[in-house]
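Visitor: predicted structure and sequence below. I'll ask about it afterward.
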Number of protein chains: 4
Amino acid sequence: MTARIVALAGSLRLGSYNRKLLKLAVQELEKLKAEVDVVDLKTANLVVYDGDIEGVGIPPEVTALAERVSRAQGIVISTPEYNHSIPGGLKNFIDWLSRVRPQQPFQDKVGAIMGATAGVGLTLRGQLVLRQSLTALGVLLLPGNVAVARAADAFDETGALKDSRTQELIAKLMSQLVHVSLANPLATKGT
Amino acid sequence: MTARIVALAGSLRLGSYNRKLLKLAVQELEKLKAEVDVVDLKTANLVVYDGDIEGVGIPPEVTALAERVSRAQGIVISTPEYNHSIPGGLKNFIDWLSRVRPQQPFQDKVGAIMGATAGVGLTLRGQLVLRQSLTALGVLLLPGNVAVARAADAFDETGALKDSRTQELIAKLMSQLVHVSLANPLATKGT
Amino acid sequence: MTARIVALAGSLRLGSYNRKLLKLAVQELEKLKAEVDVVDLKTANLVVYDGDIEGVGIPPEVTALAERVSRAQGIVISTPEYNHSIPGGLKNFIDWLSRVRPQQPFQDKVGAIMGATAGVGLTLRGQLVLRQSLTALGVLLLPGNVAVARAADAFDETGALKDSRTQELIAKLMSQLVHVSLANPLATKGT
Amino acid sequence: MTARIVALAGSLRLGSYNRKLLKLAVQELEKLKAEVDVVDLKTANLVVYDGDIEGVGIPPEVTALAERVSRAQGIVISTPEYNHSIPGGLKNFIDWLSRVRPQQPFQDKVGAIMGATAGVGLTLRGQLVLRQSLTALGVLLLPGNVAVARAADAFDETGALKDSRTQELIAKLMSQLVHVSLANPLATKGT
């Protein structure tokens, strides 16, 4: 059986550290033979959520993204921290998808959270807020995490992390994500 | 001396409960002779923050909003809770304005937080996240708050709250907002 | 196979609503043939954590409690909210146990969170803080929860909840706790 | 006029980094001619809060501490982070004092938060939880903070911080604490 995992960076910027960090997670997932679907918030090109727009109809690009998340058993998000929380754009993606019915697509997924920042704060406060929203949506979140500070110095020119312990943390977290996603404990038993 | 206060609802929907709740706060502010500038996230029409757009230049509509916030001494936000946090659109507004230089506009403002929801959760978790981001930006937040649950039944046909105690809480919070904004303790002494 | 679950109320008071709520959870666990070990913070009689005491040696009552948690695969905590967070006594229990070595006892457990309050706030903010600390300790937390407001009116004279939907939520959450604890996804695969 | 400030370290351990950090804050406060009352959680020797004990009567040591906090206009707390939150002992102190009537002693005080840790996490998550509880109790919290990581290397043998910028942050935060405490904006106008 193959685990299907959605991977998402929380920033839109093409050169973002979180795209780099996510790439390393995707490589680990592929080593584990997972089927990875990388969702790009930039090309997603979502407008800001507005209940009046929803009243007319969920935009087709939202429905398409929701279907991609629905097909997966797990999700990994690598996000920067903006103002001690997650980027508005990442939250906007979550908010839009949470409105899709009959079943919002995050329900019963397994989730893993990572983050990279140019500063020293490790994205810890943003990760707390992301946990809060994904818990609201029924995601079974792995307790482990990956947090990269001083990201401008963290990657070498090939995109690898200079600190091998962080790379090991990514490998471990992705291994958990694959195995727990395959066990899929909320979606099968116990619900 | 007149207090200048920016007032903002966290949802875009025209019929939103938080627009209604904000209106009551604005009425209290006007009774107190404050000068109120109501910012509307719907007509603000901001795109999702993208560092690549910022790299080209902060959009003029962001700069214009930042100037309006800069001119005020205080800010009141009434926000719904989406997925146990604040709406992505409200966070996106905060994120964009936080990038304006030489001085991001929230620094040293006095802030008050309110929220209304159709559910029973009182927007308490969203308010925590909003406090987290406004604290990051140097806002002196009043500890009191206003929280309205079951909002579909909370307002009468004139837009007034049926529960007079909540109306009194709004009056008290707005009185604090005006008086602390005028004292302006962070912007004058002690910084 | 039998699931072993530790059950804990966050308040010491004998007549506490959270003891009542926990009792209902224990009844559900027993229906599911789980082996339940109820830990009582009152009789635990822990002193406030002090690194100087730890320097002399972890108190034997802490070690004994840690062993009870270690033996379980899952843990359910029902806690009141004190000052928008969890009781200091509950946190003190967690802090002491987190110091036990070679392995702090919460690692890789499955966790479920519930709460009851006499007020309207549903213990939602306290539950967030409890999630934060249990995540720190490697607990795989179920995203669902149980939250009882106006607890003075919530139970009938037999101790049952008047609102059958809340009782159903308890049954569902305890069923998840048993099944995910038995699958034990972090302790076996993926770590 | 003299500002009266209560100063408190969140850990009991005699050699704690937060006692050291607090000492630097106290020195700054004294330079500013504030009257400082240092509360020591170790000698306070509080039992874990228990509603059954409260039912018999608030312990006299709690009442005595509450009176000390009541007499101040401001409070500064320097706290370690235990399990991504504040120490149970610090929360227990807050919980006990919050029960004193007719007026819990934190209401309308001005507050400043600092933290030191041996690790890299900067106590950021603990500080969020402390803000949450002090906001619940009506404290007007200064948005600035002080956060020391890798504390084992941060102080020199005289107890001074090696990084002068952190020392400047302490000086600035204590200056704000004194000035806003003297302005006392919640306790006088606007309430």
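Guide: Nice, I can see it.

Visitor: next up, the contacts around A:Arg4.
Guide: By CB atoms under 8 Å, 6 or more residues apart in numbering or on different chains, A:Arg4 lies in contact with A:Ala34, A:Glu35, A:Asp37, A:Arg71, A:Ala72, A:Gln73, A:Gly74, A:Ser181. Any C-beta I mention is one placed from the backbone N, CA and C, and that applies to glycine too.

Visitor: these two touch, right, the fifth one and A:Ile5?
Guide: Yes. With contact defined as CB atoms under 8 Å, A:Ala72 and A:Ile5 form a contacting pair (5.7 Å).

Visitor: pretty sure A:Val69 contacts A:Phe106?
Guide: Yes. If you go by CB under 8 Å, A:Val69 and A:Phe106 touch, sitting 6.6 Å apart.

Visitor: more neighbours, those two?
Guide: Counted by other CB atoms under 10 Å in any protein chain shown, A:Val69 and A:Phe106 do not tie: A:Phe106 has more neighbours, with 26 against 21.

Visitor: how many neighbours does the closest residue to that one other than its chain neighbours have?
Guide: Leaving out its chain neighbours, the residue that sits closest to A:Phe106 by CB to CB, 6 or more residues apart in numbering or on different chains is A:Leu137, at 3.8 Å. Neighbour count for A:Leu137, taken as other CB under 10 Å: 19.

Visitor: confidence score at A:Leu137?
Guide: According to the prediction, A:Leu137 has pLDDT 98.

Visitor: how about the top helix by length along chain A against chain D, any contact?
Guide: Taking DSSP state H as the criterion, chain A has its longest helix at helix A:164-183. No. Using CB under 8 Å from any CB of the partner chain, helix A:164-183 stays clear of chain D, coming no nearer than 11.8 Å.

Visitor: what residues sit buried inside that helix?
Guide: Across helix A:164-183, burial judged by 16 or more other CB atoms under 10 Å in any protein chain shown covers A:166-167, A:169-183.

Visitor: now the end-to-end length of stretch A:88-108.
Guide: 24 Å (CA to CA, to the nearest Å).

Visitor: residues from chain A in reach of chain C?
Guide: A:128, A:131-132, A:134-144, A:172, A:175-180, A:183, A:185-186, A:189-191.

Visitor: can you list the residues of chain A near chain B?
Guide: Chain A comes close to chain B at residues A:11-14, A:16, A:41-42, A:46-52, A:55, A:82-96, A:98, A:125, A:129, A:132-133, A:135-137, as judged by CB under 8 Å from any CB.

Visitor: give me the subset of those lying in helices.
Guide: Short answer: these in helices (DSSP H) are A:41-42, A:51-52, A:55, A:88-96, A:125, A:129, A:132-133, A:135-136.

Visitor: beta partners of the most centrally placed residue in chain A?
Guide: Residue closest to the mean C-alpha point of chain A, counted by CA atoms, centre = their mean, is A:Ile77 at 1.7 Å. Counting by DSSP bridges, A:Ile77 forms beta bridges with A:Leu8, A:Ile113.

Visitor: wait, it touches A:Arg19, no?
Guide: No. Counting by CB under 8 Å, A:Ile77 does not reach A:Arg19; the two are 12.0 Å apart.

Visitor: what residues are shared contacts of these two?
Guide: Listed as contacting both A:Ile77 and A:Arg19 by CB under 8 Å, 6+ apart are A:Ala9.
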